[in-house]
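> structure, please.
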Amino acid sequence: MTIPFTSITDCYREILDEVKQAVTKVMKKGQFINGEDVTLFEQEFAAYCDTKYAIGCSNGTDALILTLKALGIGEGDVVVTVPNTFIATTEAISAVGATIAFVDIDERTYTMSPESLSQFLSNNKATAIIPVHLYGQMANMPKIIKLAHRYQLHVIEDAAQAHGATLNGKQPGHFGDAATFSFFPGKNLGAFGDAGAVVTNNHSLANRIKMLSNHGRVEKYQHLSEGYNSRLDTLQAAILRVKLKHLTHWTNLRKLHAALYSTLLEDCPVTIPYINETADHSFHLYVIRVANRDQLQARLLQQGIQTGIHYPIPLHLQRAYRHYHFHEGDFPISEKISQEVLSLPFWPEMKPSQINEVCAAIIHETK
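Numbering: from 1, shown residues only. Next up is the predicted model:
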């Protein structure tokens, strides 16, 4: 590719020595499970998110599962989320035995529509809500939380794409019972493989999640319940500690790149990202909407410009959920968006000249 969709290795040019030192330290100590770096990362990530607690775990999917289990959600419960998310969100609901319910999204932010949620809750019973903070922008949490309080529902914020995002000055984890993060290598804060975390201000919830992540034990060979083997590896924690120190800088670079994209595409017949006026978008992805999306994507690829689609098939139309008997037209905004969104090349170390090249190609192809 002349311009790849992303690069998850460019960042290591400036921090390679730091990472090597951190990895070497773990190797020498030999505490590969529940080592000191795990505890330190949990403290540092909680401080970064301005929450009281952070619990490391093996991946973002498990972060959701552990939180649902710790809240006592399981068979007979209904959990409401959105169709335009990665399947991990709904896999977690199924994994604890609960039932998936969908509501549609806001057409500007692509996040959960409080109006659709209100309509659903006025006619259906539910136990919990999982709003998804998508592409780096948080959902309308004040309105969602207001509904959750009215119907006495738990709220878990899926913040897998929202490291560093804020709404009304508050990060994920401040609105709901907890927020879950993924540190998949392609995320704004990425590990050397799978890793995840839960953040919360609830002491008892944090303790239950921590216990469940480590076989339900409080001390060696003392188990209060069955749990999971879902610990954050010491090696991943050590690497994440190094990268966390640079996350604010990388997020600022993402914002600069997004601003340049938006300026260059302002007069182009595409829809650039909308940013809620009280939000601070952390731009995990830079996503436009455009008619004839597939044609544009193919033409850009011919010019060596790689793009992505997040997500081409809404979850309610996936074969995996055929047994729910959803149909086309059930969630029209999610379906419409899925046919129009296009994720442009984007990563912190991207050069302005590359953004100019991408935008020039888009402008030419959409004339």
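> sec struct for the residue nearest the centre of the chain, please.
The C-alpha lying nearest the average C-alpha coordinate of the chain belongs to A160 (CA atoms, centre = their mean; 1.9 Å). Recorded secondary structure, A160: coil (DSSP: H, G, I helix; E, B strand; the rest coil).
> so what does the closest residue to E365 other than its chain neighbours look like in phi/psi?
Distance criterion CB to CB, 6 or more residues apart in numbering; nearest residue to E365, sequence neighbours excluded, is R299 at 5.0 Å. C-beta here means a position set from N, CA and C on the backbone, and glycine is covered the same way. Dihedral pair for R299: phi -70, psi -40, per degrees, to the nearest 10.
> just give me the neighbour total for R299.
16 (other CB atoms under 10 Å).
> looks like it contacts T366 (just checking).
No: in this structure, R299 is not within contact of T366 by CB atoms under 8 Å, at 9.6 Å.
> coming back round to it: from T6, how far off is the residue nearest to E365?
20 Å (CB to CB, to the nearest Å).
> tell me the domain ranges of the chain?
Following automatic domain parsing, the chain resolves into domains at 12-244, 247-365.
> and the helix or strand hosting R208, how far from the chain's centre?
Assigned by DSSP states H and E, R208 belongs to helix 203-213. Put simply, helix 203-213 sits 21 Å off its chain's centre (CA atoms, centre = their mean, to the nearest Å).
> can I have that helix written out in CSV, keeping just the CAs?
Provided in CSV are the C-alpha atoms of helix 203-213 (Å, rounded to 0.1, in the frame of the first residue of the first chain):
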residue,chain,number,x,y,z
HIS,A,203,-15.3,-0.7,45.7
SER,A,204,-17.3,-3.8,46.1
LEU,A,205,-17.8,-4.2,42.4
ALA,A,206,-14.0,-3.8,41.8
ASN,A,207,-13.3,-6.5,44.4
ARG,A,208,-15.8,-8.9,42.8
ILE,A,209,-14.4,-8.4,39.3
LYS,A,210,-10.8,-8.9,40.6
MET,A,211,-11.8,-12.1,42.3
LEU,A,212,-13.7,-13.5,39.3
SER,A,213,-10.7,-12.7,37.0
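> residues in contact with it?
52-53, 55-58, 62, 66-67, 69-71, 177-178, 198, 200, 217-218, 224-225, 227-228, 230-231 (CB atoms under 8 Å, 6 or more residues apart in numbering).
> and it, what's buried?
L205, A206, R208, I209, K210, M211, L212, S213 (16 or more other CB atoms under 10 Å).
> now pLDDT and distance to E18 too, for those, in a markdown table please.
Below are the buried residues of helix 203-213 laid out as a markdown table (pLDDT from 0 to 100; distance: CB to CB, whole Å):
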| residue | pLDDT | distance to E18 |
| --- | --- | --- |
| L205 | 98 | 33 |
| A206 | 98 | 29 |
| R208 | 98 | 34 |
| I209 | 98 | 29 |
| K210 | 98 | 28 |
| M211 | 97 | 32 |
| L212 | 98 | 32 |
| S213 | 98 | 27 |
